[in-house]
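In: Quick one: sequence and predicted model below, then my questions.
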Amino acid sequence: MKITKLVAKPLNREAFKQFGDVIELEGAKNFSINDGRVQRYHDLADVQIDTQNGGRAIVSYFKINEAKPFPHCFNLLEKHPKGSQAFIPTDNEPVVLVVGPKDKPLDSDTLQAFVTNGHQGFNFHTGVWHMPLISERKDRLFVIVDRSGPGNNCDEVTLENETIELRLQ
């Protein structure tokens with residue numbers, strides 16, 4: 001059995017741009033609204049939605065049902081062919097994610113792992129391979145922006161005879 005070892009590196013816009021967007025205040029376009037009472041941080045992610053045949057953008061919550069300690073081993077990855085998928089944590093805890101290039105066959109040798117600083121969200125662009133959401137703590141809550149509508153928007157692949165071992169620094 002092949003074991004691919006990944007170590008999560010800090011998430012930043014430059015390192016993540018081939019996979020999607022980092023959703024954060026630092027470096028974001030912003031301006032004052034409501035007579036200066038509110039600061040708007042604008043256009044933080046490229047929400048990509050296939051609106052053909054009734055597709056539309058939706059906002060949901062995901063809640064973690066099972067804690068997963070590190071190192072974490074997995075072999076399931078997924079991608080969304082009809083829209084992006086944004087994750088915005090509701091707490092200030094880091095999130096670990098694994099991604100692979102879009103528009104290419106899934107290959108564990110091309111996967112990269114990142115860890116947020118606890119204040120960052122992230123948006124997987126359409127077709128980007130990624131590990132399902134995990135956390136070391138049960139009941140964490142995330143706001144999700146993705147697509148709903150007819151047709152399959154989640155392709156899952158289980159790597160046969162292979163395990164990915166994910167570690168923190």
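Out: Structure received. Numbers count the residues shown, from 1 in each chain.

In: Let me see the ranges of the helices in this structure.
Out: 13-16 (DSSP state H).

In: what's the neighbour count on residue 43?
Out: Residues contacting residue 43 under the criterion other CB atoms under 10 Å number 11. (C-beta placed from N, C-alpha, C; glycine too.)

In: which one is it nearest to, not counting chain neighbours?
Out: Leaving aside its chain neighbours, residue 43 sits nearest to residue 29 (6.1 Å; criterion: CB to CB, 6 or more residues apart in numbering).

In: Next: residue 59.
Out: Nearest to residue 59 is residue 145, by CB to CB, 6+ apart, at 5.5 Å.

In: What score does the residue nearest to residue 43 have for pLDDT?
Out: pLDDT, residue 29: 96.

In: ok, it - how many residues close by?
Out: Neighbours of residue 29 (other CB under 10 Å): 9.

In: quick one: contacts for it?
Out: 41, 42, 43 (CB atoms under 8 Å, 6 or more residues apart in numbering).

In: Same check on residue 94?
Out: Per CB under 8 Å, 6+ apart, neighbours of residue 94: 115, 116, 117, 118.

In: Between those, which sits nearest residue 157?
Out: Using CB to CB, residue 115 is the member of the contacts of residue 94 that lies nearest residue 157, at 23.3 Å.

In: Look up the closest residue to the closest one, ignoring the ones flanking it.
Out: With CB to CB, 6+ apart, the residue lying closest to residue 115 is residue 8, at 4.1 Å.
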